[in-house]
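Participant: Dropping a prediction and its sequence here:
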Amino acid sequence: MNNLCRELLDWVDPQIVAQKLIQIYGEPGLVWLDSDGSKNGRWIILGADPIEHICSHGLPNDPSATNPFELLRTIHSGHWSGWLSYEAGAWIEPNNPWKQDSMATLWCARHDPILKFDLYNQQLWLEGIDRKRLVEIRELLKELKASNLQKNQSLKRTKEFQGIAKEKWKWLNNKEEYAKKVATIKQYIEEGDIFQANLSTCCQTKNTANLLSIDLFKRLRQYCPSPFSGIVVATGEALGEAVISTSPERFLKVLPNQKVETRPIKGTRPRHANPKKDSEFAADLVSSLKDRAENIMIVDLLRNDLGKVCIPGTIDITQLVGLESFSKVHHLTSVIKGKLKTNKTWVDLLEACWPGGSITGAPKIRACKRLYEQESIARGPYCGSFIHLDWNGQFDSNILIRSLMVQKSSLRIYAGCGIVADSDPYSESEELTWKIMPILEALQ
């Protein structure tokens with residue numbers, strides 16, 4: 001393992017560390033994979049000033065484009081983190097139509113060293129092989145610890161954060177337009193063409209204040225903490241692009257022993273400040289036959305996807321349609337586990353399951369085609385994944401929902417709903433608001 005150094009250091013708040021890293025190395029190249037301390041949110045991973053990166057733009061019909069999955073296969077060791085966009089599916093199903101997004105299809109970087117914050121035990125680990133950089137980061141952390149910085153100091157910005165008024169965000173589809181698209185999807189379902197489709201739309205605004213990505217993320221992590229959240233700020237060919245996520249959903253995890261896990265989410269209700277009302281919303285979700293059916297369809301789809309690369313007989317549903325409550329919403333979550341075949345890797349698993357079943361539909365290929373017809377623009381990183389590979393070969397990823405796409409001139413937020421036979425078009429429009437409003441409120 002090239003003499004990997006793994007050292008336990010004195011605890012320093014990750015937000016303070018991130019701010020200091022940006023002051024020294026700049027924002028481009030920052031990777032901060034965040035967690036909320038919940039049962040699935042133990043670790044925070046932080047890296048800056050990457051050693052190298054890989055990047056891919058475009059679709060298979062572009063002669064200059066590179067297959068993002070083949071690029072991922074060139075990764076052999078080290079800590080790699082980045083994003084993979086929804087439209088990477090074009091390299092798996094090239095016969096389906098796909099829209100092209102202006103952001104990178106894949107951006108992934110190797111950081112050495114990286115910092116790992118264990119929220120359960122309040123421990124801070126430094127990992128890497130570059131001795132010079134290890135010394136730099138070690139000394140930086142000692143200085144931060146010695147200066148007795150308090151957490152609220154890390155919230156100070158280089159310039160005052162100027163919030164974005166909710167009315168400045170423009171929806172790509174209003175409620176009536178979205179409801180009409182839902183009705184069209186329902187017609188396909190009634191005809192037996194598909195069983196379910198996750199129809200999304202977008203709201204966007206101009207980044208006229210040139211807001212820093214890190215400031216946007218700090219606002220979101222304060223108001224919408226989630227177990228699979230984070231920020232990735234690109235360099236190189238994708239300079240000026242960033243993805244910020246408050247996702248509650250794990251996509252795929254692979255342990256060094258080849259055991260895998262996926263945690264699809266389907267079914268949503270908002271949280272309420274009144275405990276009695278909050279419990280009523282949760283109970284309504286648990287008792288909803290529509291939401292349960294939606295979740296089970298995706299469980300079946302993902303079992304089939306895992307079956308392409310897992311050892312027969314190892315796939316097991318360890319949680320079926322369980323209630324999980326997050327900072328702003330209640331969700332129904334299932335957990336499926338398996339074990340990869342000895343000749344399969346995490347990239348093979350990613351290919352077998354891409355794009356994720358919970359954000360496409362069933363059957364997946366047909367649902368993707370219908371979504372292409374109904375959705376006005378490419379999804380880009382939305383409904384793709386943050387991905388992370390560590391020194392031990394452990395892989396983890398989320399589903400990029402509740403996420404913000406940042407470009408030099410614009411900000412985009414998407415939301416989607418799973419449409420099934422008994423979906424009510426206007427209720428689905430209302431669900432979009434439950435999902436996206438906490439982000440808009442956090443940023444105002």
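Facilitator: That came through, no problem.
Participant: Give the helix, strand or coil label for the residue nearest the centre of the chain.
Facilitator: The residue lying closest to the centre of the chain (CA atoms, centre = their mean) is residue 400, at 2.8 Å. Assigned with DSSP: H, G, I helix; E, B strand; the rest coil, residue 400 falls in the coil class.
Participant: Pull up the per-residue confidence for it.
Facilitator: Per-residue pLDDT puts residue 400 at 99.
Participant: Check the gap between it and residue 71 for me.
Facilitator: Using CB to CB, to the nearest Å, residue 400 is found at 19 Å from residue 71. Yep, even glycine has a C-beta here, placed from its N, CA and C like the rest.
Participant: likewise residue 437?
Facilitator: From residue 437 to residue 71 the distance is 36 Å (CB to CB).
Participant: do residue 200 as well
Facilitator: 26 Å.
Participant: how about the residue lying farthest from the centre of the chain, phi and psi?
Facilitator: Most distant residue from the mean C-alpha position of the chain: residue 146, 34.8 Å away (CA atoms, centre = their mean). Dihedral pair for residue 146: phi -70, psi -30, per degrees, to the nearest 10.
Participant: ok, now which ones touch it?
Facilitator: Listed by CB atoms under 8 Å, 6 or more residues apart in numbering, residue 146 has no contact partners.
Participant: Specify the local secondary structure of the closest residue in space to residue 417 that isn't next to it in sequence.
Facilitator: Of all residues not flanking residue 417 in the chain, residue 428 sits nearest, at 4.4 Å (CB to CB, 6 or more residues apart in numbering). At residue 428, secondary structure determined by three-state DSSP is helix.
Participant: Residue 416 is in contact with residue 428, correct?
Facilitator: No. Taking contacts as CB atoms under 8 Å, residue 428 lies outside contact range of residue 416: 9.3 Å.
Participant: Between residue 437 and residue 71, point out the one with more neighbours.
Facilitator: residue 71 (17 against 14; other CB atoms under 10 Å).
Participant: Output the strand or helix carrying the more buried one as PDB, nothing but the C-alphas.
Facilitator: Assessed by DSSP states H and E, residue 71 sits inside helix 68-72. This file holds the C-alpha atoms of helix 68-72, laid out as PDB (Å, rounded to 0.1, in the frame of the first residue of the first chain):
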ATOM      1  CA  PRO A  68     -16.500   7.700 -18.000                       C
ATOM      2  CA  PHE A  69     -16.600   4.100 -16.800                       C
ATOM      3  CA  GLU A  70     -13.400   3.300 -18.700                       C
ATOM      4  CA  LEU A  71     -11.800   6.300 -17.100                       C
ATOM      5  CA  LEU A  72     -12.900   5.100 -13.700                       C
END
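Participant: So for the helix or strand just after it, mean pLDDT?
Facilitator: Next along the chain after helix 68-72, taking DSSP H and E as the criterion, comes strand 79-84. Mean pLDDT, strand 79-84: 99.
Participant: Name the residues that touch strand 79-84?
Facilitator: By CB under 8 Å, 6+ apart, the residues outside strand 79-84 that reach it are 31, 33, 45, 47, 53-54, 68, 72, 104-112, 114, 127-128, 232, 234, 243, 350, 354, 381, 384-391, 397, 400.
Participant: Provide the strand pairings for that strand, with the direction of each partner.
Facilitator: strand 106-111 (antiparallel), strand 385-389 (antiparallel) (DSSP bridges).
Participant: For these, please prepare JSON lines with the additional fields mean pLDDT.
Facilitator: Shown next, in JSON lines, are these (pLDDT from 0 to 100):
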{"stretch": "strand 106-111", "mean pLDDT": "99"}
{"stretch": "strand 385-389", "mean pLDDT": "99"}
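Participant: Please identify the most buried of those strands.
Facilitator: Of all these, strand 385-389 has the most neighbours on average by mean count of other CB atoms under 10 Å, namely a mean of 26.
Participant: What lies in contact with that strand?
Facilitator: Contacts of strand 385-389 (CB under 8 Å, 6+ apart): 33, 45, 72, 75, 78-84, 108, 228, 230, 232, 243, 245, 247, 251-252, 346, 350, 356, 395-400.
Participant: In the chain, what helix or strand scores lowest on average pLDDT?
Facilitator: Every helix and strand of the chain was ranked by mean pLDDT, DSSP states H and E. The lowest is helix 151-154, at a mean of 49.
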